[in-house]
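# Turn this into a structure:
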Amino acid sequence: MSKQTHSFQAEVKQILHLVTHSLYSNKEIFLRELVSNASDACDKLRYEALDKPELLEDAPNLDVRVFFDAEAKTLTIRDNGIGMSAEEAAAHLGTIAKSGTREFMAKLDGEQKKDANLIGQFGVGFYSGFIVADRMTVETRRAGLPAEQGVRWSSEGTGEFELETITRPERGTDVILHLRDEEVEYLSTWKLKSIISKYSDHLSLPVLMQQEVWDAEANEGKGAQVKKDEWEPVNKAQALWARAKSEVTDAEYQEFYKQISYDQEAPLAYTHNRVEGRSEYTQLLYIPKKAPFDLWNRDKRGGVKLYVKRVFIMDDAEALMPTYLRFVKGVIDSADLPLNVSRELLQESRDVKAIREGCTKRVLSMLESLADSDSADDKAKYADFWKEFGGVLKEGIGEDFANRERLSKLYRFASTHADEGVSLADYVSRMKEGQEAIYVITADSLAAAKSSPQLEIFKKKGIEVLLLIDRVDEWLLSHLYEFDGHPLQSVAKGAVDLGKLQDEEEKKKAEEAAEAFKPVLDKLKEALKDRAKDVRVTTRLVDSPACVVVEEGDMSAHLARMLKQAGQDAPKAKPILEINAEHALVKRLDGDARFDDLAHILFDQALLAEGGQLEDPAAYVRRVTALLTCD
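Below is the predicted model of the structure:
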């Protein structure tokens with residue numbers, strides 16, 4: 001193939017512009033990305049060679065080599081990994097197939113434009129070379145292809161790249177950076193070694209640099225440092241998770257986390273263990289400090305990196321971690337799984353099930369150690385974790401029956417006593433004498449929950465009510481029925497029953513009021529027969545004239561609204577109108593000529609106070625206007 005010129009994909013042009021003009025806060029990440037890509041290429045060859053050992057040709061030892069030419073101002077990252085064919089070079093280096101590219105560009109173009117960690121998160125690490133280079137050349141040959149099918153790719157990072165066929169005896173890839181004049185600091189052995197040691201120490205294959213040797217005969221007998229054709233490793237060349245915990249520093253754990261997660265912040269917590277028994281594996285798991293932008297996309301493939309006997313298998317092995325722990329990052333290295341394991345086999349393997357259960361328990365233990373700690377610092381860490389990931393952890397109550405009790409102890413809520421951080425154990429410890437149920441209410445916001453008329457009797461008696469305001473809380477209540485022997489009871493369902501918390505005099509007074517008010521109730525039921533399932537006197541109201549509730553077992557109005565907002569059909573169930581017989585507006589009903597209008601206004605106000613929407617707002621406005629303008 002003679003030299004051909006091709007245009008970059010439109011998204012690549014935009015990314016190249018952003019990379020060269022925006023990523024300047026931490027330029028050295030270009031070397032991290034290119035060395036990481038080289039390591040991945042070696043991992044891919046090692047994996048393919050399991051079935052086709054001939055791909056290793058005459059060079060079975062895999063490594064990455066970094067060297068420079070000070071006079072030519074070039075820096076080269078060389079690997080003897082899988083390499084690329086001409087078609088692969090055009091596809092991989094000229095287009096971006098990875099989803100999320102637009103989000104990447106939006107983030108770079110916004111307030112986070114200095115966040116160089118995004119470059120790896122979105123799979124566009126190769127282009128980071130243009131941060132320091134005004135031209136990049138790639139010379140490559142795919143393993144298994146003849147020497148004559150080598151490829152040279154080159155570009156100045158503008159709108160085009162060139163491709164041509166070359167003869168390349170060695171398999172693998174050379175990425176050659178033609179550095180800008182102002183970036184010559186990277187033509188230094190010390191500088192390159194320090195960057196590689198910082199970012200690539202965890203790689204399981206050696207990263208080599210040419211050794212500088214003192215030669216007394218050089219430089220006219222005065223002696224000088226010269227480069228011999230000898231190579232020395234500049235990283236430990238041992239997988240970090242394979243090392244003993246006592247040999248790994250906290251700084252090394254944190255730096256490794258940043259490499260695998262593309263997160264610029266240190267993790268909230270981590271655990272490193274070797275598990276032996278029915279399944280033998282090593283786990284290194286991290287809990288991030290901040291939630292990723294796509295945390296709520298349950299369809300996004302997540303999970304930890306899977307290795308088998310130090311051989312990299314896949315990036316996102318979701319079968320090793322339940323969906324509700326999809327925020328966990330880390331590495332699992334199994335000694336039992338087959339090297340040719342696929343995603344389909346992962347779903348069926350008994351060993352994988354054992355690993356999944358072990359990893360789940362380990363993560364929950366990390367969270368419990370923070371939540372139950374006497375340390376104020378640990379408690380603050382757990383509070384931060386809950387703000388970021390609490391909604392996702394709540395999904396586990398319906399997915400992980402085996403750990404339901406452990407999960408329920410980790411949950412935190414707002415309540416009428418505190419705006420956040422209330423555990424179920426805290427609630428139970430503060431329950432009134434004679435109280436049997438844990439009272440809860442769901443709402444769209446904390447303000448809506450606090451001002452709900454359904455809470456009035458509970459506030460009057462000082463009974464704490466949990467305020468559930470996350471969208472996932474309705475799901476949680478459908479699976480979490482009780483805690484520590486106390487049932488969870490919604491204050492918006494069924495008739496209020498405070499049991500021993502309501503004295504006999506109160507009960508007698510309520511019964512008398514209901515009996516005396518029966519004629520008005522009958523008229524209300526008739527006036528609202530098309531809108532309300534029932535109308536009854538209640539003791540739950542103190543200051544409000546009325547409220548709406550649903551029958552025990554019916555879908556809550558809050559859940560019905562959420563389903564409607566999501567475009568789904570919700571069962572249509574009429575609510576129950578409960579009225580406060582002591583309220584002035586309710587007393588006014590008896591004998592009023594505008595009874596029907598007042599009844600509908602009462603119902604509509606109760607519906608609005610609960611957070612509902614009126615089917616006919618204009619009718620409500622007309623009735624209120626008529627009431628306000630009458631003599």
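
# For the longest helix anywhere in the chain, which residues meet the burial criterion?
Counting by DSSP state H, the longest helix found in the chain is helix 350-371. Across helix 350-371, burial judged by 16 or more other Cβ atoms under 10 Å covers 351-352, 354-356, 358-360, 362-364, 366-367, 370-371. Every C-beta, even on glycine, is put in place using the N, C-alpha and C of the backbone.

# Stretch 609-622 too?
If you call a residue buried by 16+ other Cβ under 10 Å, then stretch 609-622 has these buried ones: 609-612, 620.

# In CSV: those, plus pLDDT.
As requested, the buried residues of stretch 609-622 are exported to CSV (pLDDT from 0 to 100):
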residue, pLDDT
A609, 86
E610, 80
G611, 79
G612, 79
Y620, 88
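
# Just give me the closest of the residues you listed to D51.
Distance to D51 across these (Cβ to Cβ) is lowest for G611, with 59.8 Å.

# Am I right that the closest one is in contact with S451?
No. The pair G611 / S451 is not scored as a contact, 9.8 Å apart, by Cβ atoms under 8 Å.

# related to what we said a few turns ago, most widely separated two among the buried residues of helix 350-371?
Farthest pair in the buried residues of helix 350-371 (Cβ to Cβ) is D351 and A371. Separation: 30.5 Å.

# residue ranges with poor pLDDT in the stretch 201-350 of the chain?
Scanning the stretch 201-350 of the chain for pLDDT under 70 picks out the ranges 212-229, 298-302, 311, 339-340.

# in it, which spans are strands?
Secondary structure of the stretch 201-350 of the chain (DSSP state E, counting those that start in this stretch): strands at 207-215, 224-233, 269-275, 281-287, 304-308, 311-317, 329-334.

# Check the offset of the last one from the chain's centre.
What separates the centre of strand 329-334 from the centre of its chain is 17 Å, taken as Cα atoms, centre = their mean, to the nearest Å.

# And for the shortest one?
Strand 304-308 has its C-alpha centroid displaced from the chain centroid by 19 Å (Cα atoms, centre = their mean).

# ditto for stretch 135-149
Taking Cα atoms, centre = their mean, one finds stretch 135-149 lying 38 Å from the centre of the chain it belongs to.

# Which residue, neighbours along the chain excluded, lies closest to E185?
Of all residues beyond its chain neighbours, the one nearest E185 is K191 (5.8 Å), with distances taken as Cβ to Cβ, 6 or more residues apart in numbering.

# can you count the residues close to that neighbour?
K191 has 14 neighbouring residues, counting by other Cβ atoms under 10 Å.

# Among the strands of the stretch 201-350 of the chain, single out whichever gets nearest to A49.
Closest approach to A49 among these (Cβ to Cβ): strand 311-317, 10.0 Å.

# List the neighbours of that closest one that are in contact with it.
Applying Cβ atoms under 8 Å, 6 or more residues apart in numbering, the set of residues contacting strand 311-317 from outside is 40, 43, 46-47, 50, 301-307, 332, 337, 339, 341, 343, 346.

# what comes up buried for that strand?
For strand 311-317, the buried set under the neighbour-count rule, 16+ other Cβ under 10 Å, comprises 312-314, 316-317.

# and what of stretch 321-335?
321-322, 324-334.

# Just put these in a markdown table and tack on distance to D534.
Formatted as a markdown table, the buried residues of stretch 321-335 follow (distance: Cβ to Cβ, whole Å):
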| residue | distance to D534 |
| --- | --- |
| M321 | 47 |
| P322 | 42 |
| Y324 | 39 |
| L325 | 44 |
| R326 | 44 |
| F327 | 45 |
| V328 | 48 |
| K329 | 53 |
| G330 | 54 |
| V331 | 59 |
| I332 | 56 |
| D333 | 62 |
| S334 | 60 |
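
# and of those residues, the nearest to L424?
Distances from L424 to the buried residues of stretch 321-335, taken by Cβ to Cβ, are shortest for Y324, at 17.8 Å.

# In helices only, show me the contacts of strand 311-317.
Using DSSP H, the contacts of strand 311-317 in helices are 40, 43, 46-47, 343, 346.

# and the residues you listed, which are buried?
Using 16+ other Cβ under 10 Å, the buried members of the ones in helices among the contacts of strand 311-317 are 40, 43, 46-47, 346.

# residues near K3, how many?
Residues contacting K3 under the criterion other Cβ under 10 Å number 10.

# Check the secondary structure at the closest residue to it other than its chain neighbours for me.
In this structure, K3 finds its nearest non-sequential neighbour in E164, 4.1 Å apart by Cβ to Cβ, 6+ apart. Classification of E164 by DSSP: H, G, I helix; E, B strand; the rest coil places it in strand.

# was I right about E164 contacting T140?
No. Shown here, E164 and T140 do not form a contact pair, counting by Cβ under 8 Å, at 11.9 Å.

# Which one of the two is surrounded by more residues?
Here E164 and T140 are compared on neighbour count by other Cβ under 10 Å; more neighbours surround T140, at 28 against 15.

# What are the boundaries of the strands in the stretch 451-600 of the chain?
Remark: strands assigned in the stretch 451-600 of the chain by DSSP E, counting those that start in this stretch are 466-468, 482-483, 486-490, 534-537, 546-549, 576-579.

# what lines up beside the longest one in the sheet?
Think strand 486-490. In the sheet, strand 486-490 lines up against strand 438-442 (parallel), strand 482-483 (antiparallel) (DSSP bridges).

# would you turn those into JSON lines with distance to P519?
Shown next, in JSON lines, are those (distance: least, Cβ to Cβ, whole Å):
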{"stretch": "strand 438-442", "distance to P519": "32"}
{"stretch": "strand 482-483", "distance to P519": "41"}
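
# just those strands: most buried one?
Among those, the stretch with the highest mean neighbour count (mean count of other Cβ atoms under 10 Å) is strand 438-442, at a mean of 23.

# so for that one, what's the average pLDDT?
Strand 438-442 carries an average pLDDT of 92.
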